[in-house]
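The following comprises the amino acid sequence and a computationally predicted model.
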Amino acid sequence: MTVAGIAPAPLPADQALQRLREGNRRFSQNVRSMEVAAGQAARAALVAGQNPFAIILSCSDSRVPSGMVFDQGLGDLFVIRVAGNVVAPSLVGSVEYAAATFGTRLAVVMGHSHCGAIKATLDFIQHDVDAPSENIHDLLDRCRPAVQSVVEAVGPGVDKERLMRESVRANVRQSCAHLRHGSRLLERLIQEEGMWIVGAEYSLETGLVDFFEGLEH
C-alpha cells in the first residue's frame, strides 16, 4: 500500500508476480490479508498519488474482479477491464501510461474460464451468429484471429469444452503479443528495464489463477 509522501522504488517484475501469486492463493483459500483489509483506512493517504505494483488487463466479466482475485487493496493494482481482454490502441495506451508514469514493471493479461466474449466469437465463426451491434462486432473481430486459429487446428468434432479452453488461452497469448510488439515504449521497457508481459487464466471453478505465458526470463 502506498504511503502519502513516499514513492517507493518500482517493484521488480518477478517480485510483483510473486505477490500476485500469494494474494491469489489467499483468495482461493477464502483468507483475506489483514493488511489489505486495513487498507481501506489508507484512502485519504492515496489522494496524493498512487504506486501500483502490477498492471492487470482483464475481462469485464463481473465474476473476475482483479483486486479480490489477487487479494490486493487500494492503490495496489492498475486495472484495465474490457470484454474478452482484447487489446486496442486505447488499451495499449493505458498499459503504457501506468508503466511510464508509475514505473510498474509487470503487466498481466488475464482471461478466464467460460468467457462470454470467446463463446460469442466461437458462435460467430462456427454458426455465423453475428453480434447485436457494430461495437460488439468489433470486440469479436479482435478475438477472432486467435479463436480462428484454434478452430482450424483442432478440426471438426472436437469437445466443446476443450475448444473453449484452448480459445481462451490463445486469445490471451494474442493480447500479450500485441502488447509486446505493438508499442515501441513497451518494447523498450521490456528490453532495457525488465518489464514483463505475462499471460494468465482465472478459473471460475477454483478461484485460482494459472500464469501460463511469458514466464521465460
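Received, thanks.

elements contacting the helix or strand encompassing V168?
Using DSSP states H and E, V168 falls within helix 160-181. Packed against helix 160-181 by the contact rule (3 or more C-beta pairs under 8 Å, 6 or more residues apart in numbering; DSSP states H and E) you find helix 89-102, strand 106-112, helix 116-127, helix 134-154, helix 184-193, strand 196-202, strand 209-213. Backbone N, C-alpha and C define where each C-beta goes, glycine included.

rerun that using 7 Å as the cut-off
Helices and strands touching helix 160-181, as assessed by 3 or more C-beta pairs under 7 Å, 6 or more residues apart in numbering; DSSP states H and E, comprise strand 106-112, helix 116-127, helix 134-154, helix 184-193, strand 196-202, strand 209-213.

worst-scoring helix or strand of this protein, pLDDT-wise?
None of the helices or strands of the chain scores lower by mean pLDDT, DSSP states H and E than helix 34-38, at a mean of 69.

returning to what we had before: need the winner for burial among the helices and strands packed on helix 160-181.
Highest mean neighbour count among those (mean count of other C-beta atoms under 10 Å): strand 106-112, with a mean of 26.

pLDDT on it, on average?
The average of the pLDDT scores along strand 106-112 is 98.

what does stretch 206-217 give?
pLDDT averaged over stretch 206-217 gives 94.

Would you work out how far apart the start and end of that stretch are?
Start-to-end span of stretch 206-217 (C-alpha to C-alpha, to the nearest Å) is 28 Å.

quick one: contacts of that stretch?
17, 24, 27-28, 69, 110, 169, 172-173, 176, 196-202 (C-beta atoms under 7 Å, 6 or more residues apart in numbering).

Try it again at 8 Å.
13-14, 17, 20-21, 24, 27-28, 69-70, 108, 110, 169, 172-173, 176, 196-203 (C-beta atoms under 8 Å, 6 or more residues apart in numbering).

mind checking how far that stretch is from the chain centre?
11 Å (C-alpha atoms, centre = their mean, to the nearest Å).

low pLDDT regions in this structure?
The chain contains residues with pLDDT under 70 at 1-8, 37-41.

returning to what we had before: could you list the buried residues of the helix holding V168?
Neighbour-count burial for helix 160-181, counted by 16 or more other C-beta atoms under 10 Å, picks out 163-180.

okay, the angle between that helix and helix 134-154?
Calculated by axes from the mean of the first three to the mean of the last three C-alpha atoms, to 10 degrees, helix 160-181 forms an angle of 110 degrees with helix 134-154.

what angle sits between helix 160-181 and strand 106-112?
160 degrees.

Please compute how far helix 160-181 lies from its chain's middle.
12 Å.

Need the residues that contact it.
57, 84-87, 92, 95, 107, 109-115, 118-119, 121-122, 143, 145-147, 149-151, 154, 186-187, 190, 197-201, 212-214.
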